[in-house]
Each structure stands twice: as C-alpha cells, then as structure tokens.
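Asks: Sequence first, predicted coordinates after that:
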Amino acid sequence: MPEAPGDFVHVFESGDPERTLLLLHGTGGNENDLISLGHQLAPGAGLLSPRGKVLENGMPRFFRRLAVGQLDIPDLLARTDELADWVSGAATEYHFNPGGLVALGLSNGANIAASLLFRRPEVLAGAALLKPMLPYPAPEHLDLTGKPVLVVSGGHDQFVPATESEGLSEALKAAGAKVRFRFDPSAGHALTQGDLLEARSWIGSLES
C-alpha cells in the first residue's frame, strides 16, 4: 500500500479532480473497506481512503476511546489535526481540488469527520456521517454556513443512541450547516439499503 504523502496507509483512486470522497472506515475496518461503497455512491469521483492509525485489540480506529461511547478527547483533537494536515498534503500530491472534498464516514470514521467539521471545517466541502455520535460540544462561533451534511441514525443502534446523532445534527444546524437527517427507527448500527439510497441521493444533490 502507498504510504506517502504523510504516514497514513491509504488507497487513492483518481477520478474527477473536482469531486473527491474522503472515505473514513469504522472500527476494525481498513483503507479498502469503503472503496466499493464509494464507487456505488459517487460514480466517477476520486477516492481517498486512509487507514486509522490507532489499534484497539488489533482493530484499526482513527482515535482512541476509553470505553464504548467514551472518547479520548485529547487524542481525538490531535488526530483530527493530523488527518486534516495529511488530507491537505494528499490534495497536492494527487492533484485534486481540496475545495471539492466530501467526507463519507462510518461510525468511528463518522466521528472523526464530525470533529473535522468542528475543528478544521475548511478541509471539507461537506460530509455524510453514517451512524455518528456527538464527539464533543461544538466550538463557540463555529461557522458552517451552507455546508451540506448528511446524518444517518438508527433507532435500534446498540452503539450510538439516536439522541447522540440528533444532538450532532442540532449542533451542526446551529452552526449554519445545511443538514439532512435520516432516522430509521428499525435500523441498528449496520447500514441499511435505505441508508445507502439516502447517501447516494444526498451526494447526487451536491452536484445540482
């Protein structure tokens, strides 16, 4: 696997340089997990997919946690900055427009994507957050005016209570983001076909 730029093991597949998905896997995933999903949801887009550098019982993650639902916030903040800096370098290395970068994050990957929106909002043109939680309170004076964000939540999610995803959605709206919130009362933490259809529709709407 390529290891430059930076030191994230990653996959990059070139596509439309004006439209690149930043694929952020869930706990136990890797840089290959979301590639086929990226092709399915955004045909023709470039794909940038790093592997999380933290290991929890051998499973890759993007940042540490103290327990399920209990995040290591200092580590999350440091790794958010590290990922943001790496993404900027990748845009230069792979010649894609950083202004067209949209995150597609699942679970742990969705949480660091939310942290990017909170801490380094200039890095992302938008984000699809699949089964996320509110990682920490949004910073004061956060300005996400007009930034498109999709939040997908399930009523039977055993890892992320729906109230967490709703809280994140409300925090993003309060900062001015253009939020689409999908709640499936029968869904768990796994993605459903309905979730995928919603994500594809949302990504398609970014081009209109």
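Replies: Sure, I can see it. Because the structure is predicted, anything quoted here is derived from the model rather than measured.
Asks: make it CA atoms for all contacts and neighbour counts henceforth
Replies: Fine.
Asks: in this structure, which spans are strands?
Replies: 10-13, 16-24, 45-50, 54-56, 59-61, 65-67, 70-71, 101-106, 126-130, 148-154, 178-184 (DSSP state E).
Asks: In TSV, list these along with mean pLDDT.
Replies: What follows is those, written out as TSV (pLDDT from 0 to 100):
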stretch	mean pLDDT
strand 10-13	97
strand 16-24	97
strand 45-50	98
strand 54-56	93
strand 59-61	95
strand 65-67	87
strand 70-71	88
strand 101-106	98
strand 126-130	98
strand 148-154	97
strand 178-184	96
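Asks: Report the spatially nearest residue to the residue most central in space within the chain, omitting neighbours in sequence.
Replies: The centroid of the chain falls nearest to Gly105 when counting by C-alpha atoms, centre = their mean (2.9 Å). Distances taken as C-alpha to C-alpha, 6 or more residues apart in numbering place Leu24 nearest to Gly105, at 4.5 Å, with adjacent residues excluded.
Asks: Kindly report the same for Glu198.
Replies: Per C-alpha to C-alpha, 6+ apart, closest to Glu198 is Arg182, 7.7 Å.
Asks: quick one: contacts for that neighbour?
Replies: Leu150, Val151, Val152, Ser153, Asp195, Glu198 (C-alpha atoms under 8 Å, 6 or more residues apart in numbering).
Asks: Just among those, which is most surrounded?
Replies: Ser153 (29 neighbours; other C-alpha atoms under 10 Å).
Asks: ok, that one touching Arg180?
Replies: No. Applying C-alpha atoms under 8 Å, one finds Ser153 not in contact with Arg180, separated by 11.1 Å.
Asks: Can you give me the neighbour number for the residue nearest to Asp72 when sequence neighbours are not counted?
Replies: Distances taken as C-alpha to C-alpha, 6+ apart place Arg65 nearest to Asp72, at 4.7 Å, with adjacent residues excluded. Look at Arg65: counted by other C-alpha under 10 Å, it has 17 neighbours.
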